[in-house]
Structures are given as structure tokens and as C-alpha cells.
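Chemist: Fold the following and give me the result.
(one chain, ligands or ions: 2)
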Amino acid sequence: MRSRTTFVRALRQCLESFQGQSARASAGAHAGQVAKGSAQTAARAVEIDTQAFPWKTVGLAAAGATLMAPTSQSACAPATEAPATSAPIDLSHAGMEVPKSQRTVVFVLGGPGSGKGTQCAKLVEEFGLVHLSAGDLLRAHMKSGTPDGQMVADMIKDGKIVPSHVTISLLDKAMADSGRKAFLIDGFPRNEENRAAFEKQTQIQPAFILFFDCPEKEMEKRLLGRNEGRSDDNIDTIRKRFKVFLESSMPVINHYKEQGKLRSITADRPQDTIYTEVRKLFQEISV
Ligand SMILES: Nc1ncnc2c1ncn2[C@@H]1O[C@H](COP(=O)(O)OP(=O)(O)OP(=O)(O)O)[C@@H](O)[C@H]1O
Ligand SMILES: O=c1ccn([C@@H]2O[C@H](COP(=O)(O)O)[C@@H](O)[C@H]2O)c(=O)[nH]1
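Modeler: Ligands and ions are numbered 1, 2, ... in the order given. Got it, this is the predicted structure:
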């Protein structure tokens, strides 16, 4: 099992490498502007990240995203315009693969519309973690023209859980392509089979689970008002997603609760109130 110390170390490295830099990515913006939405918004996440930290490019090739950094260099290569005052460059960003054993993961779970993506965007800005939304990776994959793209599209439209091997491959590739060490994995694992398969394939145990606990009525209201053109934000699919969440995802949450890894947050409150609580969990382990 990976230790708390490892996570602290990974977080410290992120924080150290960001010292003296001002993050321009806007956490006030909806999560869609950082890592949620389509392949296009995944690409925008890269753009935001590289604008704020030009020597730290995050590759999202796994999501079919186009690198939008203002450089012709590869996704993980350091850009040339690093400010003279920058902190020492973390070589994990310089095209060198980070060993899987050094990866640290926090799973971010909660019902559809509980605010996972919104809060992850704020954590990205403050702590520089890499946000990987499983749903976003799947939505990008479904548009990538690969043979199973249509299958993924149909399953999402129906609120069903996509086979583990598809989602885990996308997550694993996104982690590798990022060249980074500390990840927020949002919306995964969705069921016990997802959880077991991820652990087996990656050998990663999550540091902890950030769980957004929100009543269905509030989630329904948010999803119906989200207006991002998602094929599953309609009342029929929303009800199916709630059912899948209760039947398949709650057992995962209960599993981690039994392991003492669950950090539960009451999510039907204003975003900033929630974030004040959320950030403490990450501050506690990074000091
Ligand atoms: N605390 C909050 N209060 C009110 N609205 C919120 C709050 N947090 C997020 N929202 C809004 O609710 C909608 C859903 O939020 P978000 O996309 O972050 O949820 P999610 O859990 O990531 O959803 P999904 O699992 O469907 O991807 C968005 O329109 C977002 O702006
Ligand atoms: O691990 C996952 C994550 C998502 N899905 C499918 O995508 C949709 C949307 O997920 P969001 O987290 O709301 O973006 C979800 O309903 C599933 O159909 C999945 O199969 N596995």
C-alpha cells in the first residue's frame, strides 16, 4: 500500500515546482474550462496549463486532444520560454516517463452533478494536480473515430458503465502522457469491477477518496441547468445515471469507507464553502 508520505512528497514536488509562479488558469470558471467537456475542452486544459506554466505541458493524447501549447515541441518536452526566475525544473515534465510506482492518485467520487469537476478545477489551480475526468476521456474517445467509439457513445447516452479495460487504458495513457505524478481521477471507479481492475492493472492504491455527498434533487437541478450539450444531461438518462450510481458506485464508496479512506463532503452548499473544506484535505497532507 502506498503511504501518506509518498503522497506528501508528490504534492510537495508539484508545489515546489510551482513556487514563484502565478497560476493564471481561472478556478472561478466552470470545470468545463479546465478538464471537463469534450476533446476540445481537454485540449483547452492543455492550453491553460501551458499558458500558466509554459515549461509544464500536459499531454492528453490519450483523450485525442490536440496540443495547443505555443510551441512545436512534443507534449512532454519543456518549452523554451521558462521565466528566468522559475523554480528548478522538475524533470518529470521533461519527457521522462514517471515510474508507475511513483504515481499518487486521489479518486474523486459522487453522484452525477454533485460538483466533482467544479471542485477539481479549483484544486488544479491551487495545487497543480493533474485532473483526469474519466467521463471526459471517454467522451473524447467516442469522438476519436476508433472502432469502439460508437459503443462508448451508446453507453454514455444510456447512462451505462463502459467496460473497465477501455476506461483504464485511457486513464493509464493519460497519466503516462502527462509526465506528472499526482492525479485527481474524477468519476472513476464506477463499480467494484472497475475498482478491482484498476488496482490490478496499475498496482495503484488511492491515497484517499474525496466524496461529494449531494441529494438527488439538487443534482438533478444542476444537471438540467448545465447546458453543455451532453447527450446524457436529459431527464431520462439522468434518472438512469442516478440508479447506476446507487446500485453500482455506492458499493465502491462503501468499500473505501471501510478502509478508512473516505473523505466525505456535504455538496449541496455554495461552491466556495465546499472548496474551503476540500482544500484543507490537500493542505493537511502537503505541509
Ligand atoms: N456547489 C454548487 N452549487 C451550485 N451549482 C454547482 C455547484 N457545484 C457545481 N455546480 C454546477 O452544477 C453543474 C454540475 O457540476 P459538475 O459538472 O462539477 O458536476 P460533476 O459531479 O462533475 O458532474 P458529472 O458527474 O455529471 O460530470 C455545473 O453546471 C456546475 O456549474
Ligand atoms: O469511469 C467511467 C466514467 C464515466 N463513464 C460513462 O460516462 C458517463 C458520464 O460520466 P461523467 O463522470 O458524468 O462525466 C457515465 O454516465 C458513464 O456512462 C463510464 O462508463 N465509466
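
Chemist: Give me the distance between the two termini of stretch 210-217.
Modeler: 21 Å (Cα to Cα, to the nearest Å).

Chemist: Could you count how many residues lie near residue 181?
Modeler: 23 (other Cβ atoms under 10 Å). For glycine as for every other residue, the C-beta is placed from the backbone atoms N, C-alpha and C.

Chemist: got a pLDDT number for it?
Modeler: pLDDT for residue 181: 95.

Chemist: One more: residue 187?
Modeler: pLDDT, residue 187: 99.

Chemist: ok, so what distance separates it from ligand 2?
Modeler: Going from residue 187 to ligand 2 by Cβ to the nearest ligand atom, to the nearest Å gives 3 Å.

Chemist: and the gap between that residue and ligand 1?
Modeler: 5 Å.

Chemist: What of residue 200?
Modeler: To ligand 1, residue 200 is 25 Å away according to Cβ to the nearest ligand atom.

Chemist: where's residue 162 relative to ligand 2, distance?
Modeler: The value you get for residue 162 to ligand 2, if Cβ to the nearest ligand atom is used, is 3 Å.

Chemist: Excluding chain neighbours, what is closest to the residue in the chain positioned nearest to ligand 2?
Modeler: Going by Cβ to the nearest ligand atom, ligand 2 is nearest to residue 135 of the chain, at 2.0 Å. Counting by Cβ to Cβ, 6 or more residues apart in numbering, residue 135 lies nearest to residue 187, which is 4.9 Å off, once chain neighbours are set aside.

Chemist: What's the local residue count around the one you found?
Modeler: For residue 187, using other Cβ under 10 Å, the count is 23.

Chemist: Would you enumerate the residues in contact with it?
Modeler: 108-109, 116, 133-135 (Cβ atoms under 8 Å, 6 or more residues apart in numbering).

Chemist: any chance of those in a markdown table, with secondary structure and distance to residue 246 too?
Modeler: Converted to a markdown table, the contacts of residue 187 look like this (DSSP: H, G, I helix; E, B strand; the rest coil; distance: Cβ to Cβ, whole Å):
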| residue | secondary structure | distance to residue 246 |
| --- | --- | --- |
| 108 | strand | 18 |
| 109 | strand | 13 |
| 116 | helix | 16 |
| 133 | strand | 21 |
| 134 | helix | 18 |
| 135 | helix | 18 |
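
Chemist: Strands of the chain, start to end?
Modeler: 104-110, 130-133, 182-186, 208-213, 262-266 (DSSP state E).

Chemist: Contacts only, for the spatially closest residue to residue 248 that is not a sequence neighbour.
Modeler: Using Cβ to Cβ, 6+ apart and skipping the chain neighbours, the partner closest in space to residue 248 is residue 191 (3.9 Å). Listed by Cβ under 8 Å, 6+ apart, the contact partners of residue 191 are 161, 248-249, 251-252.

Chemist: swap the cut-off to 10 Å and go again
Modeler: 161, 164, 197, 244-245, 247-252 (Cβ atoms under 10 Å, 6 or more residues apart in numbering).
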